[in-house]
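Undergrad: I'd like to go over a predicted model; first the sequence, then the structure.
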Amino acid sequence: MLLVLLALTSMAAQGAPRPISLIVTNGIVVTVDGTGRVLTPGAVAIDGRDIVAVGTPQAIAAAYRSAQTIDAGGDVVMPGLVNTHTHAPMVLYRGLADDLALMDWLQKYIFPAEAKTVTREFVRAGTRLAALEMIRSGTTTYVDMYYFEEEIARVTKEAGLRAVLGQTIIQFPVADAKTPAEGLARTEKFLQEFRNDDLIVPAVAPHAIYTLDEATLKASRQLADREKAPLILHLAETRDEVKIAAEKHKATPVQYLESLGFFGPRTIAAHAVHLTPEDIATFRRRGVGVSHNPESNMKLASGTAPVLPLRAAQVPVGLGTDGAASNNDLDMFEAMRQAALLHKLQSNDPRVLPAAEVVAMATREGARAIGMDGLIGSLEPGKRADVIVVSMRAPRQTPMYDPLSHLVYATRGDDVRTTIVNGRIVMRDRKVLTLNEEAVLAEARTLAGQVRGAVGK
């Protein structure tokens, strides 16, 4: 902190303030950096897509000037939230089938509904709705796996969000690929189209061990290695999956994949609920990141992920919402609160996962889990300007003694006032600037009627 202030003071002493593109000032700046600094008040200086300085409002004003300033007015300024696992277009199945076990939910409702309704138009409309929901609730980066992922990428860029997007590979015929080989070919084309994109990180997304054979799992890893792309899959989510692995492979799901040489750089394991100590050791050794989805896991009664042992083993664990079809929202503030409460209850210890750690899981640790902590996840000079301003003015947030406590235990997604991604303001004072909200909602309602007709709802 002292070095930052000295640098800002030195710059101011050298002459006129440096012109930059945006200043966010007069907020409670929760940096989520390595020291957990909170500046009250604080300011963030942004030039183009990058953060150039974080300091007091006085120091920032002395060193920088901008025609565009956001006065946070005592609200929290923090890193944008990182949703480490979802299926964006599935917002159009929100509430379609509830109160079911995962395998029944998938096989009796979701897979049949997708077979009848998923098209490029459906994916674009669903992604627009998901992007609108995420922008309005403070998510600036999300990790996705679905079909027609190139359409998801295009809509995501138009909305101004950052994303790691995985083209799904699955064994049976789906809307965009009739065979796993076709799915792999589509994935390779997708990786090449969005290579080196400023907002989109293309990824390989084999669905799960119970929906893919050994050859396709190996081919997915080989493609990810060849293209130097992240690899995303559902892993050890349910007891049924563990049973399948034991019966077919005489191993846990993690042991089976390890035997295939599956784990490699930037592997993201979604859910990771049913793990042995040996599985956790494998994750640490192979550098696997975990996406913890507490709401989906609880709603589907899939189990409780061993988050505390994973963190003790220094495995990076981020938070995810999963798709809105099984959650039923994309609000990362809800994911934070439920994660904190679930693990206090499960461990019978109210001291575990305190608020500061949960905020880190939704930001810096989530970025580390997906291999992007060098770019996002905290407010520090040199990182991308993914910033949100969160109102602390609601009756349920009054009074406020500890902003980190309020972020986890009292705040909701609709408390987010302003969302900035890559230095671009995509929502200001609750008005989304990159999407036509009325048109997005109207389109979603029209497609919901088609879903209802297709599945007999």
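TA: Great, that's in hand.
Undergrad: can we go C-alpha only for contacts and neighbour counts from here?
TA: Noted.
Undergrad: can you tell me which residue is nearest the centre of the protein?
TA: Within the chain, one residue has its C-alpha closest to the average C-alpha position: by C-alpha atoms, centre = their mean, that is N83, at 1.5 Å.
Undergrad: ok, now how distant is that residue from I370?
TA: From N83 over to I370 the distance is 10 Å, taken as C-alpha to C-alpha, to the nearest Å.
Undergrad: Likewise for D225?
TA: 16 Å.
Undergrad: which one of those two has more residues nearby?
TA: A direct count of neighbours by other C-alpha atoms under 10 Å for D225 and I370 places I370 higher, at 29 against 16.
Undergrad: Now do L106: how many residues are near it, please.
TA: Around L106 there are 15 residues (other C-alpha under 10 Å).
Undergrad: what's the nearest residue to F262 once chain neighbours are set aside in contact with, if anything?
TA: Nearest residue to F262, sequence neighbours excluded (C-alpha to C-alpha, 6 or more residues apart in numbering): R221, at 5.9 Å. By C-alpha atoms under 8 Å, 6 or more residues apart in numbering, the contact set of R221 is 231, 262-264.
Undergrad: quick one: the residue nearest to the centre of the chain and A369, what's the gap?
TA: Relative to A369, and taking C-alpha to C-alpha, N83 is found at 11 Å.
Undergrad: Overlap of the contact sets of the two?
TA: G318.
Undergrad: Find me the pLDDT at D104, would you?
TA: pLDDT for D104: 89.
Undergrad: mind checking the SS state of it?
TA: helix (DSSP: H, G, I helix; E, B strand; the rest coil).
Undergrad: Can you tell me the SS state at S291?
TA: With three-state DSSP as the basis, the three-state label of S291 is strand.
Undergrad: Over to Q338?
TA: Q338 ends up helix, using three-state DSSP.
Undergrad: Equivalent analysis for P89, please.
TA: Here P89 is helix, with the state taken from three-state DSSP.
Undergrad: dump the residue contacts of it.
TA: By C-alpha under 8 Å, 6+ apart, the neighbours of P89 are 122-127, 129-130, 146.
Undergrad: just those residues now: which is nearest R136?
TA: A130 (9.9 Å; C-alpha to C-alpha).
Undergrad: So for stretch 386-404, mean pLDDT?
TA: Here the average pLDDT along stretch 386-404 is 98.
Undergrad: start to end distance for it?
TA: Terminal-residue distance, stretch 386-404 (C-alpha to C-alpha): 18 Å.
Undergrad: quick one: V82 is in a strand?
TA: Yes: under three-state DSSP, V82 sits within a strand.
Undergrad: any idea how the protein splits into domains?
TA: When the chain is parsed with automatic domain parsing, its domains come out as 2-80+384-430, 84-369.
Undergrad: Straight-line length of the last one, end to end?
TA: For domain 84-369, the first-to-last residue distance is 8 Å (C-alpha to C-alpha).
Undergrad: Off-centre distance for it?
TA: 10 Å (C-alpha atoms, centre = their mean, to the nearest Å).
Undergrad: Now P206. Nearest residue, chain neighbours left out?
TA: Per C-alpha to C-alpha, 6+ apart, closest to P206 is I169, 4.6 Å.
Undergrad: swap that for L379, please
TA: Per C-alpha to C-alpha, 6+ apart, closest to L379 is T31, 4.7 Å.
Undergrad: likewise A177?
TA: G183 is the one closest to A177 (C-alpha to C-alpha, 6+ apart), at 5.2 Å.
Undergrad: Please apply the same query to D33.
TA: S378 (5.4 Å).
Undergrad: residue contacts, the one you found?
TA: Contacts of S378 by C-alpha under 8 Å, 6+ apart are 31-33, 78-79, 363-364.
Undergrad: Most neighbours among those residues, which one?
TA: Counting neighbours by other C-alpha under 10 Å, P79 leads the contacts of S378 with 33 neighbours.
Undergrad: could you measure that residue against P265, distance?
TA: 25 Å.
Undergrad: list the contacts for the residue nearest to P206?
TA: I169 neighbours (C-alpha under 8 Å, 6+ apart): 180, 183-184, 187, 204-207.
Undergrad: Okay, buried residues for the helix or strand that contains P309 please.
TA: Per DSSP states H and E: P309 is located in helix 307-312. Residues 307, 310 are the ones in helix 307-312 that count as buried (16 or more other C-alpha atoms under 10 Å).
Undergrad: What's the mean pLDDT across that helix?
TA: 98.
Undergrad: Output the contacting helices and strands for it.
TA: In terms of contacts (3 or more C-alpha pairs under 8 Å, 6 or more residues apart in numbering; DSSP states H and E), helix 307-312 is packed against strand 317-319.
Undergrad: What average pLDDT does the longest helix belonging to the chain get?
TA: When the chain is scanned for its longest helix (criterion: DSSP state H), the result is helix 437-455. For helix 437-455, mean pLDDT rounds to 93.
Undergrad: Just the residues contacting it, thanks.
TA: 92-93, 113, 116-117, 122, 125-126, 128-129, 132.
Undergrad: Can you go through those residues and name the buried ones?
TA: Here, 16+ other C-alpha under 10 Å leaves 92-93, 113, 117, 122, 125-126, 128-129, 132 buried among the contacts of helix 437-455.
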